[in-house]
Every structure is written in C-alpha cells, then in structure tokens.
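**Q** My questions are about this predicted structure, shown below with the sequence.
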2 protein chains.
Amino acid sequence: MNNLLVAQSGGPTAAINATLVGVLQGVRTSTKVDKVYGAKNGIEGVINGNLLDLNDLVKDTHAIDTLTYTPASALGSCRYKMKDWKVNEEPYKKIIETFRKYDIKYFIYIGGNDSMDTVDKLSEYCMINSLDVKVMGGPKTIDNDLNLTDHCPGFGSAAKYIATTISELERDINVYDIPAVTIVEIMGRNAGWLTAASALARVNGGSGPDLIYLCEKTFDYDRYIQDVKDKLAKKPGILVAVSEGIKDGTGAYVSDSMSSGAVDNFGHKYIAGAARALEQLTRERIGCKVRAVELNLMQRAAAHIASETDIQESILLGLKAFNCAVEGETGRMAAIKRISNDPYLVEFTSVPVSEVANHEKTVPIDWITPEGNDVTEEMMAYLRPLIIGEVNLKYGNGIPKQYRLY
Amino acid sequence: MNNLLVAQSGGPTAAINATLVGVLQGVRTSTKVDKVYGAKNGIEGVINGNLLDLNDLVKDTHAIDTLTYTPASALGSCRYKMKDWKVNEEPYKKIIETFRKYDIKYFIYIGGNDSMDTVDKLSEYCMINSLDVKVMGGPKTIDNDLNLTDHCPGFGSAAKYIATTISELERDINVYDIPAVTIVEIMGRNAGWLTAASALARVNGGSGPDLIYLCEKTFDYDRYIQDVKDKLAKKPGILVAVSEGIKDGTGAYVSDSMSSGAVDNFGHKYIAGAARALEQLTRERIGCKVRAVELNLMQRAAAHIASETDIQESILLGLKAFNCAVEGETGRMAAIKRISNDPYLVEFTSVPVSEVANHEKTVPIDWITPEGNDVTEEMMAYLRPLIIGEVNLKYGNGIPKQYRLY
C-alpha cells in the first residue's frame, strides 16, 4: 500500500484548507496513492497516532468545494517545535511507528516556519533510517515571511481583508469634522507585509491609511507625533496603520512601553498592544480623540472575503506538493515563483526546505519610504495582484457555509 | 420652489447611505420636489448653511448604485444634540434661515435617537412659527434600539458581519487542543441586540459562541467564571460574546473594573473594554490562555458583507420618509412593522417621532435564557430574517468600490 498522510500546523488562515484541498485533488486523480489520512492537530496527531480517515471526503465533491472556502485548519493545528532527533528521538520513533502502521509513503505538512523545520528534520531522519517516506512541505502563513517563495498562501486573503477593512474604516472615521486619530494594529511581529497591505485600501482612489509604520524600521515616537500633527493640520480624520511588532530605538517593542507600567486592580501587569500604547501616547501628546483598533484574529480567519488569487494558488500549491511527493521529492517545499507583476504570472516550483526553515523573509527596507511612514510603489506593484478576484462563496441562512471534519 | 434637504447623523453604518439613496429615488421619480440638497455633517451643516448640491448625483444611476453599498455617511455626520428652543433659539433661527435661503419645503434627517429628538424639536418649532417645512426622520442605528420600529437600518448588516465573523472565529479558536478562552466584545452600551446576533453564527449548525452575555442582565463575575469552567470541562476552545456595556451587581460597568485601577508609565488611567477586563479576570481565576477581541468600528463599517434584507429595507425606509414628507407628514419617522417571522413579512409605516426620541428599546429580558448566558429561540426567530441575502457588490482592483461625495 502507498498511502498519503496530510497535516496542518501553525496559526490558521483563510487559505490553509484550500491547500489541503489541492492535496486531496491530487489523491483523487492519481493512481500513486491508495489511501489518504489526515493527522489531527498537526505533527502531534502523527506522534500520537491520531489519524482521520479522509477516503470518503476525497470523493465528496460538494464537501471539498465547501472545505476550500472554510477558514482555519480543518484537521486542527498545533504549536509543536520538534527538537533534533539526536536530542530527543522519541517523537521521531513514534512518527515512524504511525507511518509503518498506516503504510504511509507520502507525508505532506502544511504550515509555516516551524512546520518547515519539522519537514526538514523528518525527511532527514527518514533518509538516515532508510525509510522510504517522501516528506513535502506546503507553505502557509498570513505573515508572508517564508523564504524562497514569492508569497505565502493565506497572505493574499488576509491582505484583501485588511485592504477592504481599512477602506471601510477610512470612510467611517472621516464622517466627523473634529480632529481624531484612529490607530489600527495589524499582525506581524517581525515582518510588516500585512501592515503594508493596508496601503491597498488606496487602489480605487481612496486615501487609505494616512501613515503606515512597519516593524522593519525603528519606530521613533517624536517623529510619529510630528507625522500625526502634520496630517492633522490638513484634515481632521487620521488613520494610522502599525505592525504589532514595531520597536523603538532601544529595540524594545512599542507595545511593552505601556504594558511595563500598567497594572490592574490586583497589581497584575497589563498586556496591551502597539496600537493601545500609541493611543495613550497620542492622547497625551496631542490631546485629540484617539481610538485603537486591532484587526486581531479576524484578519487571519476572514474567509468571507478571501482573495480568489490566493485560494486558487493555495490549491495549486497543495497539488504541487502532492506531485513533488509522488514524483519522489522529499525535504522540499512547494513554492511560488513570480514571473511578472503585470500581467501577473507565476510558476509553481519546489525549493529545499532546509533553506526555508528558521528563516524569516522581512520587507526590504527600500520598499518603505525614506520617511519611514509609508510604502513605496515597488511594494504596491508586488501587493496588487495578490488580492485580485472574489471567491464564489455559498451562503446558508445568511452566513457562509463551512465544512467541519470533526 | 419646493426643495428637499437631507442629512445624516450619529454613528456611521453600512446601510445609512442606502436610506439616503431611497430619499434620492423618491426625488428622482416625484414631481413634488424641484431641487435636492444634502447638509454636510448633519444638522450642523443646516445650522451653518453648509449644503451640498445633490442634483447631479440624483440623475447618476451608476453613482447611486455604488453609493448604496458604500459604508458610513456620505454626507458626513455629527454628534450634535439640540437644546430646547426656549433655552437656546439661536440654532433654530439659523436652520430656518437655511431653509428659507434654499426654499426648503422638506427636510429628512437620517439618524438615531438624538437625530429623532432633533426631528421632534424642529418640526415643533416650524409649526409654532408657521413655517411650512415637513420634517421627517429616517431611522438608522446598528444598536437596533429605536422605539416603534421592529428593527433599525444598519442593524441587519452589522448582525450579518458579527454572525459571519463569530462563525469564522469559532473555526479559528477550535484548531488547537489546549484550553483557551476567547472573549469577543460587541458594541452596545445599553442594548444587547448586536451581541445577541452573535448567536446567528449557529444558523448552519456551528456551535457559535459558547456563552453570550447581554448588557440587559446583571453580570455576575463568579457565575461567569463557573460558566467558563463548565464549558472548558467539555471542550478546549471556548468563545464568549459580551456586550461592551455589561454591568455588575453594583451597576458599575465591567469595563471600569479594570480601567479604575490600571495606569500607564505616566500614571494616566488606562481605559479598557469589557473584554479586556474579563481577559484579566479569566487569566487570574482560571489561568488558561485567554484572548480579548473587539469587533470595534469594523462591525458598523463592514459594507462588504452587508445584509441584502437590511440594504433593501434601508432604501425603502428612505423612500417611505420621502413619501411621508411630500404627502404632508411632519414630526414623524419612517418605520418597519413586522407582520410575520416565517415567511418574513414587513410593512413600511410612519410613527410619531416624539415617541421615538429619547427612548431606548432594549432586549426583552425573557429573550435571554434564565441562566443569563445565552439567548432564547424567540430571539433567534426575530434575528434570523434580518441577515438573509447577500449584496451584489462591485469590486475594483480587489476591494469593493465606494462612492465619495466630497
């Protein structure tokens, strides 16, 4: 028997199930695979032998269609970082046990940085132990920070949600004629791609954010206050987009500037975000109305406004990972190579996962304006194609239909 | 000349421009109105004579279509509460001046409670001063708290956004198998309608929020902790929906329980929300992973997932307000009367604005479960029809198109 095992890991996205669907499309149309299983909660499910039988699902065209547009990981997820097998071989042995028990010939792991590290370590372990299991990675992360792929599945949909939401907030905050600053915090500890996507709110002529601060550039409090004052001198409603991970000149997170001091009634430290910290600062230094908004989990879960480009590419990356595996590749990740921006053309390829794992692809500094408060046209040209197209969602009783595996 | 003036007021919604469109449709198809103007920033624009000429817009079918689906108040808004004319007649005199200067025969004011108070006072002032201006109100508020109308334009779209978002968050938080509580704060200081709408995340069989607390019922901290513990005993990912305005047994806002104690580095009081306060409490008392999420401005601005029922009814309410005005009514508000839930049937009517102004329609206590942590089937039957249908949005470059009046 040549069976395939697929699992999902890391933070959920609106597109991670589309990549699972791509894998299942491969299974359905290939003679190379006999049975297909899904590990529950990522690599933990492989270690514990907690597998779901996907052989009925793979034949259910309607369910597969709904699954494509269902947010978050249908197979569950985990945050499990595998240690080197020389340090702790036990989990590896258990994985091999599961592989043997279920006649697994192919293992496809869909996830971000940590998951690619797992693919790297596991493919190496299989080779060293002469176990013929092909281990392939399927990329996934809204953060868009994976190395060697032009962009990551999940990013385009999060970017479309952010661009749309910022365009709506821009309309909202401009209805009053009194000075007010709205600070929107966007996910990204070390990579500012998602925050950069807020600039896409301008694609139809809207003003979008008035100021954009990415975590790649040192955040200067005084400069920020001056930037806001300059903008307020021109119009009353100011929209600021900031990465959650912006840091000041000392290398400290802006978010810590508040949480280090704030305590609640019980004396417990209060953990705030970057936008909350800037809300306080802006109120103190400028004195106008200020509001902090966090896009929070919504930005990674908003399947209802997924990017068709993102969803289609996510399916194709799943299929690419499948094809690489059955064609004998191991220790590699399916990836996207961009040929051109306009027309937007990409190729699907595979890259060595060892060069992906434990790297973070951050925003090139020259894609941020010299003033550090906006992004450049190069960034816009990169971002624009990724949010194009709307998905053909099926609704039931007024909300999008979802597929639930368990 | 018989001219019409229209204005928008209060917090923006995804449907307030649809009501403006209904008024403009009336103007376009009636012989009773010569010219149409929009006051900029609500009643303030009427007072200051800051009027926009809408006579070109009214003939631009394409612009009108885009305007229908553009969030927030295209004419701008204000937060202006008029005093009684016996206390301060000056603003009234200025309004009359504007009415006379522009030959205004009809004034339609789209807004919430305060705006209906303005309609009430102004219609009375006109009558007392023998000025033949018909003043009509068009309802608007995501809070759904206006008296004498079954529901309010803007509420259905906010409810659809909330239901969809909660269904997505429910998928998101259930991917891990470690205990975690996610607390979602939903708008509503005194009325819990929007928080109740989170239950609509269940319409297709999803679990939706595990616990729902509305501001109409006293919030008991101990009971809440026990509720969460009970839920955690059954599954790891718990989703809690709370109104921003929940209050404890002493009548104090839950949100104040934290902000009263928390201070930042500068010693300034930190203003948190109800979800943040409960996040702290849950972490202290239960000790698991906890996250606070605020739907914030997004819930009132999310035109990209507007309810078709809401948008169509909002247009018809604008048209109803128009027809009432030209048929000679004054001091009244266009309103919706529900005939039946299933099939969903409504009638458009008008009601005396004096009975709308300064009242708040809160959730009936018997639509909340006796345990105080969920809503009843009666509430569901009321809510279900309001989120039905999707709008035919036009996209440009990946985000919804918007119309900008200025």
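**A** Structure received.

**Q** List of residues touching the host helix or strand of A:E279?
**A** Using DSSP states H and E, A:E279 maps to helix A:274-285. Taking C-beta atoms under 8 Å, 6 or more residues apart in numbering or on different chains as the criterion, the residues outside helix A:274-285 that touch it are A:181, A:183-185, A:221, A:224-225, A:228, A:240, A:242-246, A:253-259, A:288, A:290-294, B:264, B:266, B:268, B:270. C-beta: built from backbone N, CA, C; applies to glycine.

**Q** how does it look with 7 Å?
**A** When contacts are defined by C-beta atoms under 7 Å, 6 or more residues apart in numbering or on different chains, helix A:274-285 is touched by residues A:181, A:183-185, A:221, A:225, A:228, A:242, A:244, A:246, A:254-255, A:257-258, A:290-294, B:264, B:266, B:268.

**Q** helix/strand/coil for A:T31?
**A** Reducing the assignment at A:T31 to three states with DSSP: H, G, I helix; E, B strand; the rest coil gives coil.

**Q** What is the burial count for it?
**A** Counted by other C-beta atoms under 10 Å in any protein chain shown, the residues lying close to A:T31 total 7.

**Q** For B:K235, see how far away it is.
**A** The span separating A:T31 from B:K235 equals 40 Å under the rule C-beta to C-beta, to the nearest Å.

**Q** Specify the angle between the helix holding A:E279 and helix B:274-285 in degrees.
**A** An angle of 120 degrees separates the directions of helix A:274-285 and helix B:274-285 when computed by axes from the mean of the first three to the mean of the last three C-alpha atoms, to 10 degrees.

**Q** related to what we said a few turns ago, weed out the non-buried ones from the contacts of helix A:274-285.
**A** Of all those considered here, the ones buried according to neighbour count by 16 or more other C-beta atoms under 10 Å in any protein chain shown are A:181, A:183-185, A:225, A:228, A:242, A:244, A:246, A:254-255, A:257-258, A:290-294, B:264.

**Q** Next, give phi and psi for A:Y69.
**A** Dihedral angles of A:Y69 (phi, psi; degrees, to the nearest 10) stand at phi -110, psi 10.

**Q** Just the pLDDT for it.
**A** Reading off the per-residue confidence, A:Y69 sits at a pLDDT of 98.

**Q** I'd say it and A:L393 touch.
**A** Yes - under the criterion of C-beta atoms under 7 Å, A:Y69 makes contact with A:L393 at 5.6 Å.

**Q** higher neighbour count, the two?
**A** In terms of neighbours (other C-beta under 10 Å), A:Y69 is the more surrounded of A:Y69 and A:L393; the figures are 23 against 18.

**Q** Enumerate every residue touching the more buried one.
**A** A:303, A:306, A:391, A:393, A:400.

**Q** before we move on, back to that, for the helix or strand just after the helix holding A:E279, which strands pair with it and how are they oriented?
**A** Moving toward the C-terminus from helix A:274-285, the first helix or strand encountered (DSSP H and E) is strand A:289-294. According to DSSP bridges, the neighbouring strands of strand A:289-294, each with its direction, are strand A:180-186 (parallel).

**Q** What mean pLDDT does the partner strand get?
**A** Mean per-residue pLDDT for strand A:180-186: 98.

**Q** just stretch A:328-338 next, same as before
**A** Stretch A:328-338 shows a mean pLDDT of 98 in the predicted model.

**Q** Would you mind measuring from A:V228 to chain B?
**A** 18 Å (C-beta to the nearest C-beta, to the nearest Å).

**Q** backbone phi and psi for that residue, please?
**A** Here is the backbone geometry of A:V228 (degrees, to the nearest 10): phi -70, psi -40.

**Q** tell me the domain boundaries of chain A?
**A** Using automatic domain parsing, the domains assigned to chain A come out as A:3-144+A:303-357+A:388-400, A:155-301.

**Q** Dump these to TSV, plus distance to B:A197.
**A** Compiled in TSV, the domains of chain A are given as follows (distance: least, C-beta to C-beta, whole Å):
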stretch	distance to B:A197
domain A:3-144+A:303-357+A:388-400	10
domain A:155-301	16
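
**Q** least reliable of those going by mean pLDDT?
**A** Per-segment mean pLDDT for these reaches its minimum on domain A:155-301, at a mean of 92.

**Q** so how far is that domain from its chain's centroid?
**A** Between the mean C-alpha point of domain A:155-301 and the mean C-alpha point of its chain there is a distance of 19 Å (C-alpha atoms, centre = their mean, to the nearest Å).

**Q** thinking again about what came up before, quick check: buried residues in the helix holding A:E279?
**A** Using 16+ other C-beta under 10 Å as the burial criterion, the residues of helix A:274-285 that qualify are A:274-283.

**Q** Can you list the buried residues in stretch A:321-331?
**A** When neighbours are counted by 16+ other C-beta under 10 Å, the buried residues of stretch A:321-331 are found to be A:321-326, A:329-331.

**Q** Also stretch A:116-131?
**A** Those buried within stretch A:116-131 under the rule 16+ other C-beta under 10 Å are A:116-126.

**Q** how about A:K337, secondary structure?
**A** Three-state call for A:K337 (three-state DSSP): strand.

**Q** Can you name the residues bridging to it?
**A** Judged by DSSP bridges, the bridge partners of A:K337 are A:E347.

**Q** Need the contact partners of the strand or helix carrying A:K229.
**A** Counting by DSSP H and E, the secondary-structure element that holds A:K229 is helix A:221-232. The contact list for helix A:221-232, computed with C-beta under 7 Å, 6+ apart, reads A:179, A:181, A:210-211, A:238, A:248, A:281-282, A:285-286, A:373.

**Q** If we use 6 Å, what do you get?
**A** Residues outside helix A:221-232 that contact it (C-beta atoms under 6 Å, 6 or more residues apart in numbering or on different chains) are A:179, A:181, A:210-211, A:238, A:285, A:373.

**Q** which element follows that helix toward the C-terminus?
**A** With elements assigned by DSSP H and E, the helix or strand that comes after helix A:221-232 is strand A:237-243.

**Q** The residue nearest to A:F155 when sequence neighbours are not counted: neighbouring residues, count only.
**A** With C-beta to C-beta, 6 or more residues apart in numbering or on different chains as the measure, A:N144 is the residue that lies nearest to A:F155, at 3.9 Å, once sequence neighbours are left out. Using other C-beta under 10 Å, A:N144 is surrounded by 28 other residues.

**Q** ok, now which ones touch A:N144?
**A** With the criterion set at C-beta under 6 Å, 6+ apart, A:N144 makes contact with A:151-152, A:155, A:193.

**Q** Now do it against chain B, distance only.
**A** Spatial separation of A:N144 from chain B under the definition C-beta to the nearest C-beta is 16 Å.

**Q** sorry, back to before: got the contacts of A:N144 as CSV, with neighbour count and secondary structure columns?
**A** Putting those into CSV (neighbours: other C-beta atoms under 10 Å in any protein chain shown; DSSP: H, G, I helix; E, B strand; the rest coil) gives the following:
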residue, neighbour count, secondary structure
A:H151, 25, coil
A:C152, 28, coil
A:F155, 31, helix
A:W193, 31, helix
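
**Q** in which helix or strand would I find A:N17?
**A** In this structure, A:N17 sits in helix A:16-29 according to DSSP H and E.

**Q** cool, and A:Y109?
**A** Counting by DSSP H and E, A:Y109 is found in strand A:104-111.
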